[in-house]
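Engineer: Predicted structure and sequence below. I'll ask about it afterward.
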Amino acid sequence: MTNETTAPQPSPSTPLRPPAGRYGPEPTERRRRLAVVGIVLVAVVGLAITFVIGLRYANEPVRFKDFGYTVVSPERVDVTFEVYMDPGTTATCTLDALAESYAQVGTVDVTVGPVEVTESRYTVSVATSELATTGIVQSCRPAP
């Protein structure tokens with residue numbers, strides 16, 4: 001005599017489902033609708049945020065991109081950067097030289113433009129009070 005029990009075998013017409021209540025209550029039509037509405041709301045809010053951020057960056061009159069730097073000496077670093085602005089626009093860019101500790105060891109405001117093209121590249125020397133390990137563009141804004 002054995003103590004084995006066998007589970008009932010489903011018939012081909014019976015769908016395979018977990019036991020009732022095993023994974024929480026069965027979803028009702030109302031819960032399904034709420035889930036769909038929630039997913040749609042999250043998608044709409046995400047698209048709205050993406051749209052607003054895109055508009056913000058698209059409307060900036062002056063944009064810049066760091067291109068590189070060269071530490072020339074303990075007293076100087078050259079910063080190369082690109083500026084994107086409408087032709088005929090003049091901008092003021094603030095460049096910083098930073099030490100290994102990220103302390104600012106040099107800064108300069110430089111006026112760029114007006115130029116005839118949308119994209120232009122500049123290399124500017126920044127005087128430093130001690131050895132800089134990097135040079136960056138802090139900001140660029142339309143000149144007054």
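Structural biologist: Received, thanks. Numbers count the residues shown, from 1 in each chain.

Engineer: Which of the helices or strands spans residue 131?
Structural biologist: Per DSSP states H and E, residue 131 falls between elements, in no helix or strand.

Engineer: doesn't residue 98 make contact with it?
Structural biologist: No: using C-beta atoms under 8 Å, residue 131 is not in contact with residue 98, being 10.6 Å away. Yep, even glycine has a C-beta here, placed from its N, CA and C like the rest.

Engineer: which one's the longest strand in this structure?
Structural biologist: strand 62-73 (DSSP state E).

Engineer: Point out where this structure drops to low pLDDT.
Structural biologist: The model of the chain has pLDDT under 70 over residues 1-15, 56-59.

Engineer: Quick check: the residue nearest the centre of it vs residue 39, distance?
Structural biologist: Centroid-nearest residue in the chain: residue 53, 10.1 Å away (criterion: C-alpha atoms, centre = their mean). Note on residue 53: its distance to residue 39, by C-beta to C-beta, to the nearest Å, is 22 Å.

Engineer: element containing the residue nearest to the centre of the chain?
Structural biologist: Going by DSSP H and E, residue 53 is part of helix 29-58.

Engineer: ok, residue 66 - contacts?
Structural biologist: Contact analysis of residue 66 by C-beta atoms under 8 Å, 6 or more residues apart in numbering lists 79-81, 136-137.
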